[in-house]
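Enquirer: Quick one, what's the 3D model for this:
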Amino acid sequence: MNVSLSNAVRLRGPLSAEQVACFDKSGWTLAEGLFSPAEVQAISDWTDELEARTEVVGGHWMYRQPSLLDPSRKVIQRIENFVPTHAKYEELANRSRLSDAMTQLFGEPSRLFKEKINFKEPGGEGFKLHQDQQAGWGRYAPLFVTAMVCIDPSTLENGCLELAGDLPRVTSLIGEEWRPLDEQESGLSMIKLPMKPGDAIFFDSFAPHSSQDNLSSSRRRALFFTYNGSSHGDVRQQYHDDKRAACPPDVERAPGAEYKFRV
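Expert: Predicted coordinates for the structure are as follows:
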């Protein structure tokens, strides 16, 4: 955090003093109703547009997975790397209350590192307990902050986000890189966080989190924008070059090759 900036600067934005203090203490903070119903509808429409786009090499990245409810069919898992080809999402990422909130949390301007939309369709897998920084992110910057914005209701039944609670802010890795955390061994107490469309949660890259499988009949789309502080430069292209080599989008995969999303 840039301590040369006054507290007044950190509080000039969409997050309240209490929300900023909660983030400083625990590594995450909830902002209910950050987006209006009309704004959420626009985000939903942009997401529908992305989902309907033809997949081409060099375009947005789409990933699918076998359905847990019907393994014979695949469901969309997530879309990544779409901001460069979508003007509305580019504006939301870089010139909106999300980027303003990041200035508050970092104490300096931020740069967009990566983005994704998790679809969590019925039959979609959850994510095992992990820290984002475990995915080798330390080679790009020492800290990242992610904004998750709910597009659909996020419920206990469809696999809402779970974050570690009742502990001081985690500021280092508590597990090995590229391996999910063992919930029992970690001793962490997880808090389930049902959220409504338009709610947002901000969490840093050391905050342990997870979500359960969606075995319900309702999808749970959520937007994730991840940022780093501008003092660590623009590392977006380097990250995406590395990600494409290790886990390319479906349209770029070699026939018969197997790729695994590990953390």
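
Enquirer: Now F119. Nearest residue, chain neighbours left out?
Expert: Of all residues not flanking F119 in the chain, I76 sits nearest, at 4.9 Å (Cβ to Cβ, 6 or more residues apart in numbering). For glycine as for every other residue, the C-beta is placed from the backbone atoms N, C-alpha and C.

Enquirer: mind listing what that neighbour touches?
Expert: Contacts for I76 were tallied using Cβ atoms under 8 Å, 6 or more residues apart in numbering; they are 51, 62-64, 119, 121.

Enquirer: if you set the cut-off to 7 Å instead, what comes out?
Expert: 51, 62, 64, 119, 121 (Cβ atoms under 7 Å, 6 or more residues apart in numbering).

Enquirer: In a strand, it, correct?
Expert: Yes. According to DSSP: H, G, I helix; E, B strand; the rest coil, I76 belongs to a strand.

Enquirer: Please, where are all the helices along the stretch 51-200 of the chain?
Expert: 87-94, 97-106, 183-186 (DSSP state H, counting those that start in this stretch).

Enquirer: mind listing what's buried in the longest one?
Expert: Yep, that's helix 97-106 we're talking about. By neighbour count with 16 or more other Cβ atoms under 10 Å, helix 97-106 contains the buried residues 97-99, 101-106.

Enquirer: Please apply the same query to the first one.
Expert: In terms of neighbour count (16+ other Cβ under 10 Å), helix 87-94 has its buried residues at 89, 92-93.

Enquirer: State the distance from L173 to R236.
Expert: Remark: distance between L173 and R236 (Cβ to Cβ, to the nearest Å) = 22 Å.

Enquirer: from the buried residues of helix 87-94, which is closest to E39?
Expert: L92 (9.1 Å; Cβ to Cβ).

Enquirer: if you count what's nearby, which of L173 and R236 comes out ahead?
Expert: R236 (20 against 14; other Cβ atoms under 10 Å).

Enquirer: Need the phi and psi values for D45.
Expert: D45 adopts backbone torsions of phi -60, psi -40, taken as degrees, to the nearest 10.

Enquirer: any idea of the pLDDT on it?
Expert: Per-residue confidence (pLDDT) for D45: 98.

Enquirer: Next up, the contacts around it.
Expert: No contacts exist for D45 under Cβ under 7 Å, 6+ apart.

Enquirer: which parts of stretch 149-156 are buried?
Expert: Buried, per 16+ other Cβ under 10 Å, within stretch 149-156: 149-155.

Enquirer: sorry, back to before: specify which member of the buried residues of helix 87-94 is nearest to L30.
Expert: The closest of the buried residues of helix 87-94, once distances to L30 are taken by Cβ to Cβ, is L92, at 19.2 Å.

Enquirer: How about the closest one, nearest residue that isn't a chain neighbour?
Expert: L98 (6.5 Å).

Enquirer: in the stretch 1-150 of the chain, which segments are predicted with low confidence?
Expert: Applying pLDDT under 70 to the stretch 1-150 of the chain flags the ranges 1-9.

Enquirer: Give the bridge partners for the residue nearest to F119, please.
Expert: As for beta bridges, I76 partners with R64 under DSSP bridges.

Enquirer: which residues in the stretch 51-200 of the chain form strands?
Expert: Along the stretch 51-200 of the chain, the segments classed as strands by DSSP state E, counting those that start in this stretch run 61-66, 74-80, 110-118, 127-130, 144-150, 161-165, 189-193, 200-204.
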